[in-house]
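Novice: Structure for the following, please:
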Amino acid sequence: MTMVRRTSAEFLGTFWLVFGGCGSAVFAAAFPQGGIGLLGVSLAFGLTVLTMAYSIGHISGCHLNPAVTLGLWAGGRFPARDILPYALAQVVGALAAAICLYAIATGKFDYSLATNGLAANGYGVNSPGQYAMVSGLVAEAVLTFFFVLVILGSTDRRAPAGFAPIAIGLALTLIHLISIPITNTSVNPARSTGPALVVGGWALQQLWLFWVAPLLGGVAGGLAYKVLAEEAPPRPAITGEAKPST
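Specialist: Down below sits the predicted model:
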C-alpha cells in the first residue's frame, strides 16, 4: 500500500475512534432516558478499534494511536521513517472528529463546552475521580504498556489467526473500565489532542501528560514483547558430533 493510502486509513480510523468513543461520552453517557454510563462508553471505545481493525488493518495496520505506532517500532514491527506520517494522520483525524462532535453538540440548546466538554483527558480537578497527576501518569503508562503488549502478541504470526481485532478491542474496553475515573482514559496521544485543541484552556495545559505517559508505556511494551517473544536461533539437527575431516 502507498503511504497516501495508509495514512488516509489512519486518518479515517482515528476519526472513527474519537467520534465513536468520545461521542458516546458526550451524547450518551448520561442521557436521561437510558444513559450508557461507564460500561457503555468503555464498550464504545473498544468497538471502534475492533471494527476498524477488521476494516483497515490490512491497509495500514490500524494503529490509530502514536503510542501504538512507536510501540510497534520498538518491537521491531514498524520502520522509523513511517512514524511521523502515521502520527500526523492520527492527530489530524482526531482533531477532525472533535470538531465534528462539537458541531453536533452545539445543536443542543443547553450545551456548554466549558461545562459539558468533549471527553477531554485530565488530572487533578479535571479528573472524573479527582485523581492526582502522579496517579494519571502511572495509570496511563502502565495501561499503554499492556495495550501494546496485547497488540503485539495477538498479531504475532504464531498467534491464532483472525482473532487479533477481538483481543485488541476487548483490551481497550478493559482499559477504559479501569481508567475512565482516573483520567477519562487516553492511552492515545492523538485521542487526547483532538478534544484538547477544541476545549483549550486546562485541557491543553494538561495535554503533555497524555503524550509523555502513553509514549513511554508504548515503547516499554514494545521492547518487553520483543524480549519475551524473541525466537531462539535454530539448533543444529545433530549436536556434539565432530565434523568429518576432509
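Novice: CA atoms of the helix or strand of the chain with the lowest mean pLDDT as CSV?
Specialist: Confidence across the helices and strands of the chain bottoms out at helix 113-116, with a mean of 88, counting by mean pLDDT, DSSP states H and E. The C-alpha trace of helix 113-116 is given here as CSV (Å, rounded to 0.1, in the frame of the first residue of the first chain):
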residue,chain,number,x,y,z
LEU,A,113,-18.2,23.5,26.1
ALA,A,114,-16.9,24.7,29.4
THR,A,115,-19.5,22.6,31.3
ASN,A,116,-20.0,19.6,29.2
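Novice: And the helix or strand following that helix, what does it pack against?
Specialist: Remark: after helix 113-116, the chain's next helix or strand is helix 133-154, criterion DSSP states H and E. Here helix 133-154 touches helix 66-74, helix 164-183, helix 209-229, going by 3 or more CB pairs under 8 Å, 6 or more residues apart in numbering; DSSP states H and E. (Each C-beta comes from the backbone N, C-alpha and C, glycine too.)
Novice: I'd like to check the angle between the longest one and helix 164-183, please.
Specialist: Just to be clear, that refers to helix 209-229. Going by axes from the mean of the first three to the mean of the last three CA atoms, to 10 degrees, helix 209-229 is angled at 140 degrees with respect to helix 164-183.
Novice: picking up where we left off before, got the contact list for the least confident helix or strand of the chain?
Specialist: Contacts to helix 113-116, defined as CB atoms under 8 Å, 6 or more residues apart in numbering, come from residues V26, Y102, A105, V198, V199.
Novice: So which other helices or strands are in contact with the helix or strand containing the second one?
Specialist: Pointing back at Y102 there. Applying DSSP H and E as the criterion places Y102 in helix 83-105. In this structure, helix 83-105 makes packing contacts with helix 3-23, helix 66-74, helix 113-116, helix 189-199, judged by 3+ CB pairs under 8 Å, 6+ apart.
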